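**Student:** Predicted model and sequence follow; I will ask about them next.
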Amino acid sequence: MVEDTDMQEEDTDMQEEIQAEDTLEQVAALMAAARLHLVMEKKKKLKTLRHSSPPSQAANSSSASLSISTANLKLLKTMAGVDIDFRAAQLGIDWSQDYLDSILLPPGENFGIESDDEGVYHDDQLELEFDTGFGNIIVVDNLPVVTKTKFELETFLKKNYNKYGVIKENGLWMPVDPDTGVTLGYCFIEFNTPQEAQNAKEKTHAYKMTESHVLDVYMFDDFDRLMNVKEEWEAPDQAKPYVPGDNLQKWLTDEKARDQLVIRSGPDTEVLWNDPRQKNTEPVHKRPYWTESYVQWSPLGTYLVTLHKQGAAVWGGADTFTRLMRYQHSMVKLVDFSPGEKYLVTYHNQEPSNPRDASKVEIKVFDVRTGRMMRDFKGSADEFSIGGPGGVAGASCPVFRWGGGKDDKYFAKLRKNTISVYETETFGLIDKKSIKVDNVVDICWSPTDSILSLFVPEQSGGNQPAKVALVQIPSKVELRQKNLFSVSDCKMYWQSSGEYLAVKVDRYCTKTKKSTYSGFELFRIKERDIPIEVLELDNKNDKIIAFAWEPKGHRFAVIHGDQPRPDVSFYTMKTAQHGGRVTKLGTLKAKQANALFWSPTGKYIILAGLKNFNGQLEFFNVDEMETIATTEHFMATDVEWDPTGRYVATAVTSVHEMENGFTVWSFHGKLLYRVLKDHFFQLAWRPRPPSFLPPEKEEEIAKNLKTYRSKYEEEDQDLSLLLSEQEREKRNALKEEWEKWVMQWKLLHEEEKLERQNLRDGEISDEEGDDEEAKEVKEVEFEDVIDVTEEIVQE
């Protein structure tokens, strides 16, 4: 009996210890929930005080006592599921306190929870330990107080917050008052990563859910800061003096008005000055293994982006290139800037484990300056492959088309039967819905205005015609539409100033659809009602090989006909005789060209024969309709004008094994210099931002160019004389070096004269025996039988 009693007492003590441990854990969880509630109440009181009292009164009132209301205390007690009052009295917990300092654990007991400062490390742990704080939790306040519609509210919150990251399982908690059954007006959302939580907080704070519910979103970790608000107001610290950063546009102030270019060859990436006066390049920055894929300039030339396994990085600086920002996106393959350089889009695809499944595509949009991810998009490659050939495992790139000019206001994504247009203020859909367009296959933005052009092919076997439409954004009003019949294919070309849109239409010749012919639909965007003109070639059966608008002008060029010698025709949208009608300027017959490259300033164009045409180059003046120069860069694969239109570079990349490198020409076809590089991969000129001068001022400078010519000609002449003097000095230095070297050997030869004489047994030296009189001539005759032949002669 004694043993049984002892065992019962031991069991009772053990059960009490277990209950105490369980209760202690429940009390700790309860106090944490109570603390959160107190913070919410304190925040609301402070907000009320700020709106209703002067700053001084609000600061003094922040010390008002805060306690748990009876209803909320009952709620917390219900959450714990035990008699909290009894257990709290046993454990000595004071409910009037709003912190956890009154909870004391038994001496030496940690309930299996290792302290942060113990520095524990497990050798058998294969994965790194990460900080398990609360940085991935946000608190959403000012939600509607609901009852039966609670689950609809939860669905709404999950749907909207899943856009900014992955919500953990059971990661959304919305407290409910047990007496009334209504929510308390706030909730907690737990994401996978702190970055997702921070992004969700920034995107949804101050979001207008309804007229009376504007969301207040805070990070969970901010509560300590909010709870420690000082009771008395203190003046902020004196502002630190402004320290200007590097001038990222300093390269534009080059005294020689030179341009930069970047090249990649082998493992090296180099940024160079183009110095045509010196007939060479001048190095700016060189780094081996600077990128793991390729490099790309931003549209205005401010940044250079490189690609790495961990993500992308942008570089820039005043005198050299330093890393300005990183963008985390594992295994990024492609990048794209917005026209105004405010945002960077990164593309990545993941190959499926099952070859039958589609690849997964992940796209992220970052703020270039802060590096903050604004939004990400995920899906299969099929969802991003509408409207063109594959770019990233089948996805049509760029997936996002930027519009709205340099303001970066809008970007659009083409999906099946829909066009999703997003605005960058909230990175949400305009009017929270996409534009429904059945069977749309291509979209294209105006370079200067928020006008979106779209193409819809024929449907229902040709019963419903194809169409090209212009849509104004953000109003989504259709400005113009043109129906097209018997269409095989269609491509849209915007002029750089947004004044014209050319639509190349390939049509079937017959109902059998065995052959096609091409023509153009020309939209005059800036004119009233957007008139449309139809242009057909003289021989409408000619195949159109290339089309290009003149930058900042009203002309365009077309290569058409049969290879290897097609024709090149020039047209203008404005003439003095025909006013607003398209007019043909002329045709060049039988040219070895398959590509067109206009100068960025217009007027000059290069008719290039690349690939199979072996690098034929013809420099042509469209104003005078005459050829300036005809030359060749054998096996050329690329042609790139510099941003000023003064120079052009042609390159042979590593697709050919021989003659890799690049050549720089003047705008009128004069060869300036050539640089050979083994394993040459890429060449790209650094873009220049638009000039601040108004068009009128630029025209005035062009008209008065002769007044500036003498100044620059004098500079060129002085430079030429300087180069000539430097060349002379270089030649003289080489001559002096040679003469010095010859004199050294002559002295050595004189010093060894006696030794040479002794080696010859006292005979005269080679120098003394050079005279003709000292020479002895001997004649020696000898005979040698070369061949013997026997021949029998018959009489």
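**Tutor:** Structure's in. What do you need?
**Student:** how many neighbours does residue 318 have?
**Tutor:** Residue 318 has 13 neighbouring residues, counting by other C-beta atoms under 10 Å. Heads up, the C-betas are built off the backbone N, CA and C, glycines and all.
**Student:** How about residue 412?
**Tutor:** Count around residue 412 with other C-beta under 10 Å applied: 24.
**Student:** The strand or helix carrying it: what's the following helix or strand?
**Tutor:** Here residue 412, judged by DSSP states H and E, is contained in strand 410-415. Per DSSP H and E, the first helix or strand lying C-terminal to strand 410-415 is strand 418-423.
**Student:** Quick check: mean pLDDT of that following strand?
**Tutor:** In this model, strand 418-423 has an average pLDDT of 93.
**Student:** so what secondary structure elements neighbour it?
**Tutor:** strand 410-415, strand 428-429, strand 435-436, strand 451-456 (3 or more C-beta pairs under 8 Å, 6 or more residues apart in numbering; DSSP states H and E).
**Student:** Mind listing the strands the first one pairs with, and their directions?
**Tutor:** When pairs are called by DSSP bridges, strand 410-415 turns out to pair with strand 400-403 (antiparallel), strand 418-423 (antiparallel).
**Student:** Ok, the second one next?
**Tutor:** Taking DSSP bridges as the criterion, strand 428-429 pairs within the sheet with strand 418-423 (antiparallel).
**Student:** and the strand it pairs with, how far out from the chain's middle?
**Tutor:** From the chain centre to the centre of strand 418-423 is a distance of 20 Å (C-alpha atoms, centre = their mean, to the nearest Å).
**Student:** same thing with stretch 570-588?
**Tutor:** 39 Å.
**Student:** now stretch 368-379
**Tutor:** That offset, for stretch 368-379, works out to 11 Å (C-alpha atoms, centre = their mean).
**Student:** thinking again about what came up before, export the helices and strands packed on strand 418-423 as CSV, with columns for distance to residue 233 and mean pLDDT.
**Tutor:** Shown next, in CSV, are the helices and strands packed on strand 418-423 (distance: least, C-beta to C-beta, whole Å; pLDDT from 0 to 100):
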stretch, distance to residue 233, mean pLDDT
strand 410-415, 44, 91
strand 428-429, 38, 90
strand 435-436, 52, 93
strand 451-456, 52, 94
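**Student:** contacting residues around residue 619?
**Tutor:** Taking C-beta atoms under 8 Å, 6 or more residues apart in numbering, we find residue 619 in contact with 604, 606, 627-631, 665, 667-669.
**Student:** should've said residue 188
**Tutor:** So residue 188 contacts 36, 137-140, 172-174, 220 (C-beta under 8 Å, 6+ apart).
**Student:** Using PyMOL, define a selection of the buried residues within those.
**Tutor:** A single PyMOL command is used to select the members of the contacts of residue 188 judged buried by 16 or more other C-beta atoms under 10 Å:
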select buried, resi 36+137+138+139+140+172+174+220
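**Student:** how about the contacts of residue 188 in CSV, adding distance to residue 364, pLDDT and secondary structure?
**Tutor:** Output for the contacts of residue 188, formatted as CSV (distance: C-beta to C-beta, whole Å; pLDDT from 0 to 100; DSSP: H, G, I helix; E, B strand; the rest coil):
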residue, distance to residue 364, pLDDT, secondary structure
36, 32, 56, helix
137, 22, 92, strand
138, 20, 93, strand
139, 26, 92, strand
140, 24, 93, strand
172, 24, 91, strand
173, 28, 89, strand
174, 30, 89, coil
220, 24, 88, coil
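**Student:** for the helix or strand containing residue 546, packing partners?
**Tutor:** For residue 546, the host element (DSSP H and E) is strand 544-549. Counting contacts by 3+ C-beta pairs under 8 Å, 6+ apart, strand 544-549 packs against strand 487-494, strand 500-508, strand 555-560, strand 595-598.
**Student:** closest to residue 295 out of those?
**Tutor:** Nearest to residue 295 among the helices and strands packed on strand 544-549 is strand 595-598 (21.5 Å), distances taken as C-beta to C-beta.
**Student:** Tell me which helix or strand comes right after that closest one, heading toward the C-terminus.
**Tutor:** Heading C-terminal from strand 595-598 (DSSP H and E), you reach strand 604-609.
**Student:** could you pull out the strands for the stretch 151-300 of the chain?
**Tutor:** Assigned by DSSP state E, counting those that start in this stretch, the strands in the stretch 151-300 of the chain fall at 167-173, 186-191, 208-210, 213-214, 216-219, 259-265, 268-275, 280-288, 295-297.
**Student:** picking that back up, okay, and which of the contacts of residue 619 map to strands?
**Tutor:** 604, 606, 627-631, 665 (DSSP state E).
**Student:** For ChimeraX, what selects the buried ones among those?
**Tutor:** Buried residues among these (16+ other C-beta under 10 Å), as a ChimeraX selection:
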select :604,606,628,629,665
